[in-house]
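**Q** the sequence and its predicted three-dimensional model are supplied below.
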Amino acid sequence: MANSAARCDTSSSYLYGVMANSPPNYHISTLGSAGSAVDPETIKPDKAGNYPPIMHYNTIPSDGLIGAVNGMLSGVTAYAGAQLFVEFLAEMKRPRDFIKAMWGAQFFIYAVYLMSGCVVYHLQGQYSYNPSYQGVSIYAWQTVGNMVSLLAALISGGLYGNIGIKVFYNNVLLDIFKVPPLTTTRGKFIYAALVPLWWIIAFIIAAAIPDFFGFVSVVAASMLLNLTYAFPPLFALCFDIQKNALRGSDGEGFDPVTGRVSRIDTASRRWIRGFMAGGPFQVAINIWHIIYFLAALAMSGLGMYAAIVGLVDAFKIPQLTSFSCVSPLNLG
């Protein structure tokens, strides 16, 4: 439920055997388990220190909308990033290879994440923790999970960081601040200096929020959901309107000799004409893009609300951050 889709959960292959033969990590369940997101009473020990038995939900729990939305945002995190596909394609000699690799990886990830989430939730119920290897009560196996996750995070971080910095350089620094292109010597020096700054800022942001589950929810709701689900249909709608509004027979278009763009009308009249052009099927697609965009925008707002409420509740419990020399999981 809470950890069916976490990008950092890369060590699930050994978890099943460990979880099946050991109790959940009860002590850290307050820091990001399914129970802490849905109903904190289900993970609260009694006066004798005994924790409630493992329980499962077949539907959304009563008064559990906030936790359910936060859990769904973990799924958004797992499958977000469509806007980066174009940048990945631009980095490859054979872009078609990326399409095949992407679809193969998506089907594989979907099958593995779905199975992993179901097994972990079956074994640990409301104590399921995100990332799931931290929900293991045996410290040695927690360390194994941390090592595997660190290696995987370095690989994925290097890949995404390289693309992210290039996008930031070309679309922000190059266009707005007029820095030299990356192909020049000065541009390469600026890029090299930007890399450590990029990772320092990323670490400070990540380390400042001790609630990993809440951090994932905030990022997914505010950024990933919009970049993957809200903006693409909006971009497609705007492109179709511009394309269908063009009237070449009336002299509209771009003159490559003079560099001038000719239009017979502008603003709302042009938008309406472009929206209604192309026949009933195209109009239906345009309407669907609007519905899709508005629904994704509404989900982003609901997700932000759920993430903020979840973080407020999480910060009511005294927690350590990564800036301390003491492990954030050391609740003693």
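**A** That came in fine, so what should we check first?

**Q** next one: residue 307 from residue 70, what distance?
**A** As for residue 307, its distance to residue 70 is 6 Å (criterion: CB to CB, to the nearest Å). Heads up, the C-betas are built off the backbone N, CA and C, glycines and all.

**Q** from residue 252, how far off is residue 169?
**A** Remark: distance between residue 169 and residue 252 (CB to CB) = 36 Å.

**Q** neighbour count for these two, which is higher?
**A** Neighbours of residue 169 and residue 252, each counted by other CB atoms under 10 Å, are more numerous for residue 169; the result is 20 against 15.

**Q** with residue 307 as the reference, measure out to the more buried one.
**A** Applying CB to CB to residue 169 and residue 307 gives a distance of 30 Å.

**Q** one more: residue 255?
**A** The span separating residue 255 from residue 307 equals 50 Å under the rule CB to CB.

**Q** more neighbours, the two?
**A** Applying other CB under 10 Å to residue 255 and residue 307 shows that residue 307 carries more neighbours, namely 25 against 10.

**Q** could you measure from residue 299 over to residue 69?
**A** From residue 299 across to residue 69, the span is 9 Å (CB to CB).

**Q** go on, residue 118?
**A** 20 Å.

**Q** okay, residue 299 and residue 69: which has more neighbours?
**A** residue 69 (22 against 19).

**Q** mind checking which helix or strand the more buried one is in?
**A** helix 65-79 (DSSP states H and E).

**Q** next SSE after that helix?
**A** helix 85-90.

**Q** return the list of helices and strands in contact with the following helix or strand past that next one.
**A** Next in sequence after helix 85-90, counting helices and strands by DSSP H and E, comes helix 95-124. Contact analysis of helix 95-124 by 3 or more CB pairs under 8 Å, 6 or more residues apart in numbering; DSSP states H and E lists helix 15-20, helix 65-79, helix 85-90 as its packing neighbours.

**Q** count the residues that sit near residue 105.
**A** A count of neighbours around residue 105, defined by other CB under 10 Å, yields 10.

**Q** quick check: closest non-adjacent residue to residue 288.
**A** In this structure, residue 288 finds its nearest non-sequential neighbour in residue 233, 7.8 Å apart by CB to CB, 6 or more residues apart in numbering.

**Q** isn't the one you found up against residue 297?
**A** No: applying CB atoms under 8 Å, one finds residue 233 not in contact with residue 297, separated by 10.2 Å.

**Q** for these two, work out which one has more neighbours and name it.
**A** More neighbours surround residue 233 than the other of residue 233 and residue 297, with 20 against 16 (other CB under 10 Å).

**Q** helix, strand or coil for the more buried one?
**A** Under DSSP: H, G, I helix; E, B strand; the rest coil, the three-state class of residue 233 is helix.

**Q** ok, now residue 258?
**A** Classification of residue 258 into helix, strand or coil gives coil, according to three-state DSSP.

**Q** residue contacts, it?
**A** Residues in contact with residue 258 (CB atoms under 8 Å, 6 or more residues apart in numbering): none are found.

**Q** may I have the phi/psi pair for it?
**A** Main-chain dihedrals, residue 258, degrees, to the nearest 10: phi -90, psi -20.

**Q** gap between it and residue 270?
**A** Plainly put, residue 258 is 21 Å away from residue 270 if you go by CB to CB.

**Q** start and end of stretch 242-257, how far apart?
**A** With CA to CA, to the nearest Å as the measure, the first residue of stretch 242-257 is 22 Å from its last.

**Q** outside of stretch 59-66 itself, list whatever touches it.
**A** 37-39, 57, 67-68, 306, 309-310.

**Q** neighbour-wise, give me the winner out of these.
**A** Using other CB under 10 Å as the neighbour criterion, residue 37 leads the contacts of stretch 59-66 with 29 neighbours.

**Q** excluding chain neighbours, what is closest to it?
**A** Skipping the residues right next to it in sequence, residue 37 comes nearest to residue 67 by CB to CB, 6+ apart, at 3.6 Å.

**Q** hmm, the one you found is touching residue 38, no?
**A** Yes: shown here, residue 67 and residue 38 form a contact pair, counting by CB under 8 Å, at 3.5 Å.

**Q** run through the stretch 151-300 of the chain and note the low-pLDDT ranges.
**A** Low-confidence regions of the stretch 151-300 of the chain, defined by pLDDT under 70, span residues 210, 248-251.

**Q** in it, which spans are helices?
**A** For the stretch 151-300 of the chain, applying DSSP state H, counting those that start in this stretch gives helices covering 185-208, 212-219, 225, 231-245, 267-276, 279-315.

**Q** how about the ones you listed, which one is nearest residue 148?
**A** Among the helices of the stretch 151-300 of the chain, helix 212-219 comes nearest to residue 148, with 16.6 Å by CB to CB.
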